[in-house]
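1. Provided below for reference: sequence and predicted model.
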Amino acid sequence: MSSKHQTIKGNPIFRNKVGLLNLAEELGNVSKACKVISLSRDSFYQCKSAVEEGGIQALFDKNRRQPNLKNRVDEVTDKAVSDFAIEFPGMFAKVCQFCKTKGAFTSESAHFKLVYCACQKITEKWAKPLSNWALTISQLSVYFEGRLK
């Protein structure tokens with residue numbers, strides 16, 4: 001079985017495309033080859049034109065999804081967030097949890113406002129007195145007799 005198209009192992013989609021080209025060449029009939037492999041003739045002609053334009057490497061699947069640059073932040077902001085996460089891991093986890101429940105952001109400033117609100121809510125809890133603190137102090141004073149004042 002001699003063929004001018006090579007196959008590369010490891011990529012099943014790539015092998016199917018090359019297999020289609022090889023089978024069509026071997027049978028001499030594009031329609032029969034497409035029926036055997038269960039692909040449309042349109043797929044065959046797309047593969048064939050890709051090989052003619054860019055060689056066999058053009059058959060590899062390319063990621064057609066374009067990155068959404070509107071959702072990216074600049075490096076300075078990214079570094080600031082990373083530093084914040086390293087310095088205050090507990091606070092960062094709470095801010096992330098708060099932001100996840102609020103949905104999508106329309107702008108970068110909206111995100112900063114939400115982070116600010118999250119920080120305000122988190123620090124409110126720090127100012128509240130501890131529950132049962134009087135009971136705790138009395139039990140600690142019994143246990144550490146004379147050490148607590």
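-> The structure has been received and is ready for your questions. Residues are numbered from 1 along each chain as shown.
2. what's the burial count for residue 22?
-> Residue 22 is flanked by 19 other residues according to other CB atoms under 10 Å. Heads up, the C-betas are built off the backbone N, CA and C, glycines and all.
3. What strand or helix carries it?
-> helix 12-27 (DSSP states H and E).
4. From the contact counts, what lies against that helix?
-> Here helix 12-27 touches helix 30-37, helix 41-54, going by 3 or more CB pairs under 8 Å, 6 or more residues apart in numbering; DSSP states H and E.
5. Adding distance to residue 84 as columns, could you present these in TSV?
-> Below are the helices and strands packed on helix 12-27 laid out as TSV (distance: least, CB to CB, whole Å):
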stretch	distance to residue 84
helix 30-37	54
helix 41-54	45
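6. Mind jotting down where the helices sit in this structure?
-> 12-27, 30-37, 41-54, 75-87, 89-100, 108-127, 133-143 (DSSP state H).
7. and the ones you listed, which is most packed in?
-> helix 12-27 (a mean of 17; mean count of other CB atoms under 10 Å).
8. Just give me how far it sits from the chain centre.
-> Taking the mean of its C-alpha atoms, helix 12-27 sits 33 Å from the chain's own mean (CA atoms, centre = their mean, to the nearest Å).
9. do stretch 25-37 as well
-> 40 Å.
10. Likewise for stretch 31-47?
-> 34 Å.
11. for the record, mean pLDDT for that stretch?
-> The pLDDT scores in stretch 31-47 average 84.
12. Equivalent analysis for stretch 130-137, please.
-> In the prediction, stretch 130-137 has an average pLDDT of 81.
13. low-scoring pLDDT stretches of this protein, where are they?
-> 1-15, 60-64, 67, 70-73, 103-106, 148-149 (pLDDT under 70).
14. Got the domain ranges for it?
-> 12-59, 69-127 (automatic domain parsing).
15. okay but residue 47 is in contact with residue 22, surely?
-> No - using CB atoms under 8 Å, residue 47 is not in contact with residue 22, being 10.8 Å away.
16. The nearest residue to residue 94 once chain neighbours are set aside: what's it in contact with?
-> Among residues not flanking residue 94 along the chain, residue 122 sits closest, at 5.1 Å (CB to CB, 6 or more residues apart in numbering). Neighbour list for residue 122: 91, 94, 95, 98 [criterion: CB atoms under 8 Å, 6 or more residues apart in numbering].
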